[in-house]
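S.K.: Attaching a predicted model along with its sequence, questions to come.
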Amino acid sequence: MRWLDAMRGIAALVVVFDHSSYTFMADFRGELMPQFNTSRYGIMVFFLVSGYIIPASLERRGCIRTFWIGRIFRVYPLWAVVVTVLLAANLAGIAEIPDSGQHSTAAVAVAHATMLQELLGTPNLLLILWTLSYEMSFYLLIVALFTVRLHRQSAAIAVILAALAAASVTAGVVLPPSALSCRIGTGPLIALASLAMAVAICCASARSSALRVFGGVLGGVQALVLVSCNGTVPLWEGLVILAAMFLGTAVHRAENGQSTWRCTTGAAVMVVACAVGSAYGHGDGDHSTRRGWITAFLLAVLTFAAGLASRRRRLPRMLTGLGTISYSVYMVHPVLLAVIDNTTGRRQQDNLALETAFFTALLPLCILTHRYIEAPTQTWGRRLAQRVQPP
């Protein structure tokens with residue numbers, strides 16, 4: 001699995017460069033983005049890796065309850081620390097957080113606690129948190145498929161989602177950002193979604209098979225509705241994100257003999273064709289430009305394929321080590337940038353030395369957050385999961 005760490009390491013470096021380039025390399029960034037959207041490249045690699053490993057984690061355990069415990073102890077502790085530090089920096093006047101607008105503080109807090117805030121019509125405290133909403137939606141979907149015994153149909157599901165994305169562009173279906181929130185109100189949607197998510201997780205983790213199916217289906221339907229109707233990215237892109245994750249799952253199944261490579265290759269061709277066709281048909285927009293998005297997506301798929309091809313080879317320890325701390329790198333760097341932007345300001349001219357210095361300061365800090373926050377809490381999660389694991 002070290003090749004997956006290598007993929008995460010590459011993705012983390014690219015995402016950090018994408019965000020830090022606003023501060024230190026703005027001119028270069030302006031020239032690069034229309035040709036290669038570095039943000040979309042990084043997150044697509046992350047999504048492909050998540051698709052490969054997360055369903056395998058659920059199926060290896062065979063228990064939804066322990067799966068959720070593992071996910072909660074993996075994702076939430078560092079998330080909580082980062083958000084707390086950001087809020088403290090905001091109170092100290094050395095960082096800014098987005099204006100919540102007409103949303104109440106309680107509504108924004110609850111939305112973030114579900115990690116679905118991007119899909120609930122509330123601003124993200126940190127820009128990078130939007131991707132965690134799609135990760136959480138994917139968790140809900142794979143649990144749903146597991147409860148109804150359709151979890152092995154990953155290739156077919158990836159193709160269906162990608163085809164729906166292409167069909168939405170062909171049919172000219174364009175929804176405004178957070179369309180569902182605008183329709184029924186952000187507050188009511190947050191309350192309804194939070195309650196539904198809690199019920200879905202609790203029921204899916206129950207001992208009763210009927211409750212497990214009910215909870216799984218409830219969570220899966222909620223995830224599909226929110227991704228389709230209430231995202232801030234275009235409808236087609238939300239569906240492509242899910243398709244990419246299920247494509248990663250399909251690759252895992254082929255490698256482990258649960259599916260054929262012929263089937264998985266066909267699914268990959270279909271997903272790539274539909275994604276590229278959707279981006280081309282959608283054209284330029286506020287969230288992406290046609291060429292930059294397509295280049296990023298194709299390179300992300302090729303990067304994942306190259307990683308898969310090298311899975312039995314020795315990989316640079318530095319790259320795999322970076323993958324080990326990639327979640328810390330992903331979560332910590334925006335806080336540092338927020339402090340820099342609010343204190344010293346963004347550079348007027350490109351400064352490669354400052355860009356390098358930022359990486360040099362960031363990585364040791366992330367080693368510490370991984371060692372003292374991520375690693376211990378993951379150990380606690382594994383211990384708790386062992387206690388509640390059914391015999």
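M.R.: Perfect, thanks for sending it. Residues are numbered from 1 along each chain as shown.
S.K.: Could you state which residue of this structure sits nearest its centroid?
M.R.: For the chain, Thr131 is the residue whose C-alpha lies nearest the centre (C-alpha atoms, centre = their mean; 3.6 Å).
S.K.: So that one sits against Phe46, correct?
M.R.: Yes. Taking C-beta atoms under 8 Å as the definition, Thr131 is a contact partner of Phe46 at 7.0 Å. No exception for glycine: its C-beta is placed from N, CA and C like everyone else's.
S.K.: still on that earlier bit, quick one, grab the pLDDT at the residue nearest to the centre of the chain.
M.R.: For Thr131, the model assigns a pLDDT of 95.
S.K.: for Asp284, same thing?
M.R.: Listed pLDDT for Asp284 reads 61.
S.K.: and if you look at the one 3 residues further on?
M.R.: In the prediction, the pLDDT value recorded for His287 is 54.
S.K.: neighbours around the residue nearest to the residue nearest to the centre of the chain when sequence neighbours are not counted, how many?
M.R.: Of all residues not flanking Thr131 in the chain, Ile43 sits nearest, at 5.3 Å (C-beta to C-beta, 6 or more residues apart in numbering). For Ile43, the count of nearby residues is 24 (other C-beta atoms under 10 Å).
S.K.: One more: Gly248?
M.R.: The burial count for Gly248: 27, using other C-beta under 10 Å.
S.K.: so what's it up against?
M.R.: For Gly248, the contact set (C-beta atoms under 8 Å, 6 or more residues apart in numbering) comprises Phe47, Leu48, Val49, Ser50, Gly51, Tyr52, Ile53, Phe304.
S.K.: now it: how far from Gly51?
M.R.: Distance, Gly248 to Gly51, using C-beta to C-beta, to the nearest Å: 3 Å.
S.K.: Gly172 too?
M.R.: 29 Å.
S.K.: Of the two, give the one with the bigger neighbour count.
M.R.: Neighbour comparison, Gly172 and Gly51: the larger count goes to Gly51, with 27 against 7 (by other C-beta under 10 Å).
S.K.: so how far is stretch 331-351 from its chain's centroid?
M.R.: 23 Å (C-alpha atoms, centre = their mean, to the nearest Å).
S.K.: any idea of the mean pLDDT in stretch 376-389?
M.R.: The pLDDT scores in stretch 376-389 average 90.
S.K.: Please disregard the earlier target; I meant stretch 324-335.
M.R.: 95.
S.K.: I'd like the distance from that stretch to the chain centre, please.
M.R.: On C-alpha atoms, centre = their mean, the centre of stretch 324-335 falls 13 Å from the chain's centre.
S.K.: Next, the buried residues of that stretch.
M.R.: Thr324, Ile325, Ser326, Tyr327, Ser328, Val329, Tyr330, Met331, Val332, His333, Pro334, Val335 (16 or more other C-beta atoms under 10 Å).
S.K.: what's the answer for stretch 192-209, then?
M.R.: For stretch 192-209, by 16+ other C-beta under 10 Å, it's Ala193, Ser194, Ala196, Met197, Val199, Ala200, Ile201, Cys203, Ala204, Ser205.
S.K.: from those, which has minimum pLDDT?
M.R.: Ser205 (91).
S.K.: May I ask which helix or strand encompasses the residue nearest to Leu322 when sequence neighbours are not counted?
M.R.: Counting by C-beta to C-beta, 6+ apart, Gly9 is the residue found nearest to Leu322 once chain neighbours are left out, at 3.4 Å. Assigned by DSSP states H and E, Gly9 falls within helix 2-24.
S.K.: after that helix comes which helix or strand?
M.R.: Taking DSSP H and E, what comes next after helix 2-24 is helix 26-32.
S.K.: May I ask you to name the longest helix in this structure?
M.R.: Criterion DSSP state H: the longest helix present in the chain is helix 64-91.
S.K.: I'd like the next helix or strand past that helix.
M.R.: That would be, after helix 64-91 and using DSSP H and E, helix 105-114.
S.K.: Just want the angle from that next one to helix 64-91.
M.R.: For helix 105-114 against helix 64-91, the angle by axes from the mean of the first three to the mean of the last three C-alpha atoms, to 10 degrees is 140 degrees.
S.K.: Can you list the residue ranges for helices in the stretch 101-250 of the chain?
M.R.: For the stretch 101-250 of the chain, the helices defined by DSSP state H, counting those that start in this stretch cover 105-114, 129-147, 154-170, 179-184, 186-204, 209-229, 235-255.
S.K.: In contact with Thr170, which residues?
M.R.: Thr170 sits next to Gly281 when contact means C-beta under 8 Å, 6+ apart.
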